[in-house]
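1. quick one: sequence and predicted model below, then my questions.
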Amino acid sequence: METTYGGRAPAPSGREMTMPHMETDVLVVGAGAAGISAAMSAAKGGAKVLLADKSLVGRGGATIMAQMTVAAALGTYDSDDWELHLADTLKAGRGLCNEELSAILCQGAPERIRELDAWNVGWARDEDQNIRAVMAPGHSARRCVYVDFLATGPAIAQTLRSQVAKQRAITRVSGLSVRDLVVSDGRVVGAVAVNQHDGLVVTIAAKATIIAAGGLTKLFQRNSASANMGGDSYALALRAGAELIDMEFPQFFPIGHLAPRLVGMDPIMWDPFRYKLGGRLLNGRMEEFLENYGVSDSGTYTAPRDVTAYAIVKENEAGRGSPAGGAYLSFTHVPEADLRAAFGPTIDLLAENGIDLTRQPVEVAPIAHYHMGGIRVDTAMRTTLPGLYAAGEAVGGANGANRLSGNALPEALVFGELAGRLAADAVSGQPQGWSEGAAASILDLVAAVNARAEAAPEGTKAGTSALWTELKALMWDKVGLMRTEASLTEAVDRLREMRLTDLPQAALSPGAAFNTTVEDWFELRGALQLGEAIALAALNRRESRGAHQRLDYTETSADFERNQVLKLDGEAIAASWVPLTKLSSSKTFEAAQ
Amino acid sequence: MTSSVTLSVMRGTPQTGPALTHYDVPYTQGMSVLDALLWIRANVEPSLAVRYSCINANACKECSVMVDGAVVYACAARLTPAGATVEPLAGKTVVRDLVTDIVPSKEQLGAALGARR
């Protein structure tokens, strides 16, 4: 078969065609578990839905990456119930969880797991054909369900892809990048987006918009992110005028794969190995070390994520790291038959990578994995901006200062379902609020950046990659696991300079079709601002708590038992503090029913 | 010490037609073809277009390309010290460089516009 390059006659560039306008009841930005769940429930509620993803629907984002488990109190084992799950979630969150959101997550999870089961997602079963659930760090009951082998996220993504494809009320668009939300009279009325394949700009009128493209770990040098987890969700919301909360809390997964180089597998893969087989975490001297940090873990997998990440970094600082700068993870004491029974084909994949777990340990180190902070919402997933909802990882608050393992997927499924359902209710019978005028400044910016790209001489080396490289290094070194006033101040200053001075001048390459430099430019526009937001929030929180560790304020302080809210004030990011959201009464849960 | 390896990449758009471009990439044992492509994007040519999402997990199945004539996932294909030639998928229409039109027809903007305008 030939690869087709088309005729030599220039194909019409999207940028030269008439700008199309679309109308929908509900626009969902991001098509992972949260976005698809939101689209499905909005359609069920009678709304017409446009489901847009920068990547391919159901393939980009975080869901597909999840190789591990989903926490849900199905109640099969250990007398578990959702209130116990909630207690574990609040404990892991180090006192900062928005308890109402945490409760919605924990209470809603079992129904979503059973719904996926009915759609044949393929949950692993026990001998009695119950959905099998295992223990995971921080949980007080066996409640973490999974799909073998290391296939939880891909199985959920595939199941949701086939379900969403059956819905006639949902229009799916892959490769559509939302450049900005359109705000008219204080209300989100739609968005401006660009079709990556040809650069075609499209305006979208929507009665409600749900942001479900969470994840920003791509901002950190060592990360487990997929390509489009550059923080679009938070940046879109912030620029539109919505509030963000708890942005100082990125989660570092303590045992991301470090060495030897492993291809075809996610760096988070050792997590399920530890669930099933325990394994031993050792320092460069082959000694267990977590006990020196006040927790026990030997042969089990019970030490909290934040403590483990901290301990590995501290061991390296003390010169007791593994050769590549992490710690050893060893399964050499586990019989080969047990390894194979637990992970079957994965053992072969490891062998292809030259790794024999019966003979050698691997090296692991902390890796940016998830963001606890996010868009501030109420119990109906409404942001502080009318017409704008959020769902999934994009939402801040449910996980406080440290997320309990297994809570990311239920957060996506439960919040997605809720946001879609309530958005559909809210827009029923409502008119569009679209305003050409309100979209004008965004269209001007899109046109100006395109014009700058087109004016560049052929062969120009774009400056976007260098900015991304600097941003990631800066965030890792100065806003990562070990923060100080000096490092954070330096980061805030440099990030602001990069955004206001370097980015506007960054060279771009010409071409309307799949122009990575223009895509990167718009992604950086958000990522640089978010980096600054994270650094600023971390600077303001003068204590150490959960994922936020300050070398100059090592103690957890009762003064900081409150949440930090960020909002744009002109070009500046304004921070303020709000009291914790505690559960008051059972009325809180009505929204989740 | 790292040695270097040559990655030859078929680049081009429907307007320019294809051209094989050669890049010297630092080689580390065990690296993937996608590692090399992303190194080129980060260090040499930010406009190099390749479709990928999960980067490392072989989960999203977006990064299929031809390496030395065989269809592979770039994230799972190991680069050898001999180097490799990377081309867009055969039988597909090229959008730019290694990006081909693999978006399902019902998920394309054109289909959405047809349905809604």
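-> Nice, thanks for sending it over. The shown structure was predicted, so the numbers you read here are calculated from the model rather than taken from an experiment.
2. residue boundaries of the strands in chain B?
-> Under the criterion DSSP state E, chain B carries strands at the ranges B:3-11, B:19-27, B:64-67, B:70-73, B:84-87, B:94-96, B:99-100.
3. I'd like these laid out as TSV, including mean pLDDT and mean neighbour count.
-> Any C-beta I mention is one placed from the backbone N, CA and C, and that applies to glycine too. TSV is the format used below for the strands of chain B (pLDDT from 0 to 100; neighbours: other Cβ atoms under 10 Å in any protein chain shown):
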stretch	mean pLDDT	mean neighbour count
strand B:3-11	97	17
strand B:19-27	97	15
strand B:64-67	97	21
strand B:70-73	96	15
strand B:84-87	98	21
strand B:94-96	97	25
strand B:99-100	98	22
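4. now the ones you listed as CSV including distance to chain A?
-> What follows is these, written out as CSV (distance: least, Cβ to the nearest Cβ, whole Å):
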stretch, distance to chain A
strand B:3-11, 8
strand B:19-27, 11
strand B:64-67, 8
strand B:70-73, 8
strand B:84-87, 7
strand B:94-96, 4
strand B:99-100, 5
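5. now for the ones you listed, which one comes closest to A:G546?
-> Closest approach to A:G546 among the strands of chain B is made by strand B:70-73 (36.2 Å; Cβ to Cβ).
6. quick one: list the elements packing against the closest one.
-> Judged by 3 or more Cβ pairs under 8 Å, 6 or more residues apart in numbering or on different chains; DSSP states H and E, the packing partners of strand B:70-73 are strand B:64-67.
7. and the strand it packs on, which strands flank it?
-> If you go by DSSP bridges, strand B:64-67 pairs up with strand B:70-73 (antiparallel), strand B:84-87 (antiparallel).
8. can I get that strand in CSV, CA atoms only?
-> Extracted as CSV, the C-alpha positions of strand B:64-67 are listed here (Å, rounded to 0.1, in the frame of the first residue of the first chain):
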residue,chain,number,x,y,z
SER,B,64,1.7,3.5,15.1
VAL,B,65,4.2,4.2,12.4
MET,B,66,6.4,2.2,10.0
VAL,B,67,9.9,1.4,11.4
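9. what about that strand, distance to the chain center?
-> Average the C-alpha atoms of strand B:64-67, do the same for its chain, and the two points are 7 Å apart (Cα atoms, centre = their mean, to the nearest Å).
10. give me the contact list for it.
-> Contacts to strand B:64-67, defined as Cβ atoms under 8 Å, 6 or more residues apart in numbering or on different chains, come from residues B:33, B:50, B:71-74, B:77, B:84-90, B:98, B:102.
11. now do the phi/psi pair for A:A169.
-> Note on A:A169: its backbone torsions stand at phi -80, psi -10 [degrees, to the nearest 10].
12. what does A:V188 give?
-> phi -80, psi 120.
13. what about it, neighbour count?
-> A:V188: 28 surrounding residues under other Cβ atoms under 10 Å in any protein chain shown.
14. might one say that it is in contact with A:V182?
-> Yes: judged on Cβ atoms under 8 Å, A:V188 makes contact with A:V182 at a distance of 7.1 Å.
15. contact partners for the closest residue to A:Q167 other than its chain neighbours?
-> Distance criterion Cβ to Cβ, 6 or more residues apart in numbering or on different chains; nearest residue to A:Q167, sequence neighbours excluded, is A:A43 at 4.9 Å. Residues in contact with A:A43 (Cβ under 8 Å, 6+ apart) are A:V49, A:Q167, A:A169, A:I170, A:G420, A:A424.
16. follow-up on the earlier one: distance to A:A453 added to the strands paired with strand B:64-67, as JSON lines?
-> Output for the strands paired with strand B:64-67, formatted as JSON lines (distance: least, Cβ to Cβ, whole Å):
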{"stretch": "strand B:70-73", "distance to A:A453": "30"}
{"stretch": "strand B:84-87", "distance to A:A453": "25"}
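17. show me the one of those that comes nearest A:L388.
-> In terms of Cβ to Cβ, the element of the strands paired with strand B:64-67 nearest to A:L388 is strand B:70-73, at 36.6 Å.
18. ok now that closest one, how far from the chain's centre?
-> From the chain centre to the centre of strand B:70-73 is a distance of 10 Å (Cα atoms, centre = their mean).
19. need the residues that contact it.
-> Under the contact criterion Cβ under 8 Å, 6+ apart, strand B:70-73 has outside partners A:G264, B:V33, B:N58, B:K61, B:C63, B:S64, B:V65, B:M66, B:L89, B:A90.
20. where along the stretch 451-593 of chain A do the strands fall?
-> Here the stretch 451-593 of chain A has its strands, by DSSP state E, counting those that start in this stretch, at A:562-569, A:572-579.
21. let's have these in a markdown table, adding distance to chain B and mean neighbour count.
-> Converted to a markdown table, the strands of the stretch 451-593 of chain A look like this (distance: least, Cβ to the nearest Cβ, whole Å; neighbours: other Cβ atoms under 10 Å in any protein chain shown):
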| stretch | distance to chain B | mean neighbour count |
| --- | --- | --- |
| strand A:562-569 | 28 | 18 |
| strand A:572-579 | 28 | 13 |
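22. same list, those strands, but as a markdown table with mean pLDDT and distance to A:A235 please.
-> What follows is the strands of the stretch 451-593 of chain A, written out as a markdown table (pLDDT from 0 to 100; distance: least, Cβ to Cβ, whole Å):
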| stretch | mean pLDDT | distance to A:A235 |
| --- | --- | --- |
| strand A:562-569 | 98 | 10 |
| strand A:572-579 | 97 | 12 |
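23. between the strands of chain B, which gets nearest to A:G326?
-> A:G326 lies closest, by Cβ to Cβ, to one member of those: strand B:19-27, at 21.5 Å.
24. if you count contacts, what does the closest one end up packed against?
-> Helices and strands touching strand B:19-27, by 3+ Cβ pairs under 8 Å, 6+ apart, are strand B:3-11, helix B:33-43.
25. out of these, nearest to A:M68?
-> Of all these, helix B:33-43 comes closest under Cβ to Cβ, at 22.5 Å.
26. residues in contact with B:G83?
-> B:V5, B:T6, B:L7, B:S8.
27. change it to 7 Å
-> Contacts of B:G83 were listed using Cβ atoms under 7 Å, 6 or more residues apart in numbering or on different chains, and they are B:V5, B:T6, B:L7.
28. nearest residue to the middle of chain A?
-> Geometric centre of chain A, nearest residue: A:G215, 2.4 Å, by Cα atoms, centre = their mean.
29. what packs against the host helix or strand of A:S441?
-> A:S441 is part of helix A:436-455 when elements are defined by DSSP states H and E. Here helix A:436-455 touches strand A:176-184, strand A:187-195, strand A:201-211, helix A:516-540, going by 3 or more Cβ pairs under 7 Å, 6 or more residues apart in numbering or on different chains; DSSP states H and E.
30. mind giving me the packing neighbours of the third one?
-> Which is strand A:201-211. Here strand A:201-211 touches strand A:21-29, strand A:187-195, helix A:232-240, strand A:388-390, helix A:408-427, helix A:436-455, going by 3+ Cβ pairs under 7 Å, 6+ apart.
31. out of the ones you listed, nearest to A:H257?
-> helix A:408-427 (18.7 Å).
32. got the angle for that closest one vs strand A:21-29?
-> With axes from the mean of the first three to the mean of the last three Cα atoms, to 10 degrees defining the directions, helix A:408-427 sits at 140 degrees from strand A:21-29.
33. isn't A:M498 right up against A:W468?
-> No: A:M498 lies out of contact with A:W468 (Cβ atoms under 7 Å); the separation is 10.4 Å.
34. next SSE downstream of the lowest-mean-pLDDT helix or strand in chain A?
-> When the helices and strands of chain A are scored by mean pLDDT, DSSP states H and E, helix A:270-277 comes last with a mean of 85. Sequence-wise, the next helix or strand downstream of helix A:270-277 (DSSP H and E) is strand A:280-282.
35. so which elements touch that following strand?
-> Applying 3+ Cβ pairs under 7 Å, 6+ apart, one finds that strand A:280-282 contacts strand A:327-330.
36. separation between the residue nearest to the centre of chain A and chain B?
-> With distances taken as Cβ to the nearest Cβ, to the nearest Å, A:G215 is found 12 Å from chain B.
37. could the strands of chain B be laid out in a markdown table, adding distance to A:L176?
-> Output for those, formatted as a markdown table (distance: least, Cβ to Cβ, whole Å):
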| stretch | distance to A:L176 |
| --- | --- |
| strand B:3-11 | 24 |
| strand B:19-27 | 29 |
| strand B:64-67 | 21 |
| strand B:70-73 | 24 |
| strand B:84-87 | 27 |
| strand B:94-96 | 14 |
| strand B:99-100 | 15 |
